[in-house]
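> I would like the atomic coordinates for the input below:
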Amino acid sequence: MPISIQLSEGLLTQQGEREVFPLIADALLRAHGLDGNAFMTPNVIGHVVVSPESTSYAGGRPQSLAVVEVKVPAATFPDANVKQVFVGEVTDIIDRLKAGSHPRERTFVNVTYALDGAWGIGGKAYTNDELGAAIQQAAAG
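Next up, the predicted model:
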């Protein structure tokens with residue numbers, strides 16, 4: 001599950017820039033009851049991209065911005081509660097790690113779903129059922 005974290009320069013502390021990805025990855029796994037799952041944990045991947053604040057726009061003006069985008073299989077985030085828990089926790093993580101004033105209203109969390117059968121890991125295209133089976137097998141073993 002790729003996670004892309006896009007931040008304005010100076011939004012997070014230097015330590016926060018190092019900590020933000022692992023914390024958000026853990027939140028994603030925990031929201032789905034998959035923390036420590038031997039199949040999913042190594043497949044939560046991504047990048048932290050830090051851009052100059054002058055190239056980060058909100059409301060048509062350059063200002064601090066945090067955008068967290070997650071690409072997941074269609075079976076992920078099965079209900080509104082899981083979505084809310086994840087979005088709230090990600091926003092709280094950004095708030096805890098910020099270096100100065102950055103309003104919660106400029107932290108955005110987006111989820112994109114992959115088509116069934118188009119989730120590729122290590123050269124294999126998994127269907128939602130195959131992903132579920134791999135997750136369950138890893139939990140049992």
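
> just the helices from this protein, written as ranges.
For the chain, the helices defined by DSSP state H occupy 14-31, 80-97, 128-140.

> Serialize those helices to a markdown table and add fields for mean neighbour count and distance to Thr41.
In this view, the C-beta of every residue, glycine as well, is placed from N, C-alpha and C. Shown next, in a markdown table, are the helices of the chain (neighbours: other CB atoms under 10 Å; distance: least, CB to CB, whole Å):
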| stretch | mean neighbour count | distance to Thr41 |
| --- | --- | --- |
| helix 14-31 | 17 | 7 |
| helix 80-97 | 16 | 16 |
| helix 128-140 | 15 | 9 |
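
> closest one to Val48 among those helices?
With CB to CB, the closest approach to Val48 among those belongs to helix 14-31: 5.3 Å.

> before we move on, back to that, among the helices of the chain, which gets the worst mean confidence?
Between the helices of the chain, the lowest average pLDDT goes to helix 128-140, which shows a mean of 86.

> restricting to C-alpha, output that one in PDB.
The C-alpha trace of helix 128-140 is given here as PDB (Å, rounded to 0.1, in the frame of the first residue of the first chain):
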ATOM      1  CA  ASN A 128      -8.700  -8.600  -3.700                       C
ATOM      2  CA  ASP A 129      -9.400 -12.300  -2.700                       C
ATOM      3  CA  GLU A 130      -5.800 -13.200  -3.200                       C
ATOM      4  CA  LEU A 131      -4.700 -10.300  -1.000                       C
ATOM      5  CA  GLY A 132      -7.100 -11.300   1.700                       C
ATOM      6  CA  ALA A 133      -5.800 -14.900   1.600                       C
ATOM      7  CA  ALA A 134      -2.200 -13.800   1.800                       C
ATOM      8  CA  ILE A 135      -3.000 -11.500   4.700                       C
ATOM      9  CA  GLN A 136      -4.900 -14.300   6.500                       C
ATOM     10  CA  GLN A 137      -2.100 -16.800   5.800                       C
ATOM     11  CA  ALA A 138       0.500 -14.500   7.300                       C
ATOM     12  CA  ALA A 139      -1.700 -13.900  10.400                       C
ATOM     13  CA  ALA A 140      -2.000 -17.700  10.900                       C
END
